[in-house]
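Visitor: Got a sequence here, can you model it:
(2 chains)
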Amino acid sequence: MTPLVVADHVSKWYGQVIGLNDVSVSIPTGITGLLGPNGAGKSTLMKLLTGQLKPSKGSITVLGEGIWGNPRLFFRLGFCPEQDAFYDRMTGLEWVSGLVRLNGYTESEAKRAATKALEIVDLIEAANKKIGGYSKGMRQRVKLAQAIVHDPELLILDEPLSGMDPIARRRTIRLVKDWAKAGKSVLVSSHILYEIEAMTSNILLINNGRILAEGDVHSIRDLIDEHPHTVHVRADNPRSLAREFLTRDDVLSLKLEQDAIIETSKPDSFYRYLTELAASGHAGTITEVTSPDDNLQAVFKFLVK
Amino acid sequence: MSTTTPDPIETLPTAAPAMPARPIRQAPPFATAALRVFDLSLSQMLWSRRTIFLGLVVGSPVALGLMLRILDAFGFAGNIRMGGDSVNGSSVFGAMIWLLYLRFLVPVLGVFYGTSLIADEVDDKTITYLFVRPISRTAVLVGKFLAYVVTTIFVVLPSVVVLYLCVQPLGHGSLAEGFLSLLTDLGLLALGLVAYGALFAMVGAAFKRPLVAGLLFVLGWEQLAMALPGYLRKLTIAHYLQALVPHVMPAEGLGSALQSLFRDVPTPTTSLVILFAMTVIFLALAGWLVERREYVLEQ
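Guide: As a prediction, this is how the structure comes out:
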């Protein structure tokens, strides 16, 4: 099968700084996870794959065509960038429909497609609220909505789960899986293995601008399990959450600052538990879950030793 | 028989299968794409901090006009004199249009907005959303340029009308008499905003620090070239705008009298054609540069 994306000896320099170093990779159809710590080159690779940056060396083809200076490809490609940046004065519906009109949709088609996309990301109730008033998780979801609104064949998602609450996180994971089930493809980046693993077993491991490994996630899984994982949970009532967490054996430590900061030895079961807790509402509303990338940094240090 | 509570997440609508069947799309034509970018950008630009600040700056001539009107009402203004001659409200208004608006405010607005058409979106990191759509980057630039034109017209023209109402009646001037010239002034200001905006859109696309280059052009080059006799003034926008000013400028002393001997003022038709050509060429160059430039967003 023809690969979706082919990078051939691609390097990217920002002046004296190397963003990506001689990367050659073929990304197959289906879901591919791009895993690496902050500054590893994930965003640079994604910007190159979406034609925002031009390779300093090498070539890139996406869906069989060169991407730089080829806007036609954006009929078939949807991109959800990492940055938390919006037209804050617009409502979610205005913004998403305004953007999809640039894909040739009429006003009524655009409104219909935007409504559908907002429904899919579970934001329909806030569709007519200004984006400036959205929470971090809602902003992530509206960003996702603009990426899927034109029903692209290939979705490129840069850290899409960052800052989402557990339910939205699970919902987005399901969205990505459904996207692939419908015969489309997704390239998704994260610095959290457990997020990627929940979506796919096919990963690209990137660090210091180089692809370290590609293929099945299970091969690095055991290594990562040896390292405790830190999770930041923001909630309406962090004290009540803390009481819940303290009953668990896998919680190694817990700090209460603005967020509850938990160190867990079993991230998988902890994330599952967090989702159930959020869905039940038993310990109040959980608004945001993040994980610093020092977990993965530690693993990478170990891997490149 | 056992009952189970449905998972709240699993009951939500599914993603991909629910999307409507994909019709074959065509990219919107260039003009349509530019107008759609204009739609997206207008309210952002209109209510930006920059517009509020520049609205205050453009309000300063109005404050000056109001002050003159109040002084006149109380009989303190006396005979207004310019270059030694006694002048009426119409001449004062004409001088303010040329010196304050056309020679200063319009070029400065052009610099501040024109250089930031794309730069603002880059700074706000929202440019990505426009550049990952199936339209050319030139259409994005032109759409944002149109938003700039509408925004600055919205800021400048009302202030000129208020200024006219304040200043024109000074020295027993008639509002009705100067009305046609007011309309010409408004058109001229709009033309100035378009021409300067296009020039600085190109400067914004070409330079890393376009604001400095723009201000040097407006406050340095244009002032110098316009003050010198000879052909250098033909390399300014002000030269072509000057030919369209409907007001008779008062004499400004010996220097001005000498300058007028060498002054080669183009006809209004020539000026209009050259300003139009400049706008098209500058925008085309700006588009060409934007298509080729990489925009690296700061992390």
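Visitor: any idea which helix is longest in chain B?
Guide: As assigned by DSSP state H, the longest helix anywhere in chain B is helix B:137-167.
Visitor: After it, which helix or strand is next? Please name it.
Guide: Scanning forward in sequence from helix B:137-167 by DSSP states H and E, the next helix or strand is helix B:179-206.
Visitor: Residue A:18 is in contact with residue A:57, correct?
Guide: No: with contact defined as Cβ atoms under 8 Å, residue A:57 does not reach residue A:18; the gap is 10.8 Å. The C-beta positions use only the backbone N, C-alpha and C, and glycine is treated the same way.
Visitor: beta partners for residue A:263?
Guide: Under DSSP bridges, the beta-bridge partners of residue A:263 are residue A:230, residue A:253.
Visitor: For the residue of chain A positioned farthest from its centre, give its distance to chain B.
Guide: For chain A, the largest distance from the centre (Cα atoms, centre = their mean) belongs to residue A:247, which lies 30.6 Å off. Note on residue A:247: its distance to chain B, by Cβ to the nearest Cβ, to the nearest Å, is 22 Å.
Visitor: before we move on, what about residue A:91?
Guide: Residue A:91 sits 11 Å away from chain B, going by Cβ to the nearest Cβ.
Visitor: which stretches of the stretch 201-305 of chain A have low pLDDT?
Guide: A:219-227, A:293-305 (pLDDT under 70).
Visitor: neighbours of the closest residue to chain B within it, just the number please.
Guide: Scanning the stretch 201-305 of chain A for the residue nearest chain B gives residue A:279, at 5.3 Å (criterion: Cβ to the nearest Cβ). Residues lying near residue A:279 (other Cβ atoms under 10 Å in any protein chain shown) number 15.
Visitor: Now stretch A:83-90: average pLDDT?
Guide: Stretch A:83-90 shows an average pLDDT of 92 in the prediction.
Visitor: Please tell me the pLDDT value assigned to the residue nearest to residue B:111 when sequence neighbours are not counted.
Guide: Nearest residue to residue B:111, sequence neighbours excluded (Cβ to Cβ, 6 or more residues apart in numbering or on different chains): residue B:214, at 3.6 Å. Per-residue pLDDT puts residue B:214 at 92.
Visitor: Please identify which helix or strand holds residue B:214.
Guide: helix B:210-215.
Visitor: Let me know the next secondary structure element after that helix.
Guide: Assignment by DSSP H and E places the next element after helix B:210-215 at helix B:222-227.
Visitor: Contacts for that next one, please.
Guide: With Cβ atoms under 8 Å, 6 or more residues apart in numbering or on different chains as the test, helix B:222-227 has contacts from B:103, B:107, B:232, B:233, B:235, B:236, B:237, B:238, B:239, B:242, B:259.
Visitor: and if we set it to 10 Å?
Guide: Helix B:222-227 is touched from outside by B:103-104, B:107, B:196, B:216-217, B:231-239, B:242, B:255, B:259, with contacts defined as Cβ atoms under 10 Å, 6 or more residues apart in numbering or on different chains.
Visitor: need the contact list for the nearest residue to residue B:30 once chain neighbours are set aside.
Guide: Spatial nearest neighbour of residue B:30, chain neighbours left out: residue B:139 (5.4 Å); criterion: Cβ to Cβ, 6+ apart. Contacts were defined as Cβ under 10 Å, 6+ apart; by that measure residue B:139 touches A:71, A:102, B:27-38, B:130, B:133, B:287.
Visitor: could you redo the last one with a cut-off of 6 Å?
Guide: By Cβ atoms under 6 Å, 6 or more residues apart in numbering or on different chains, the contact list for residue B:139 reads B:30, B:33, B:34.
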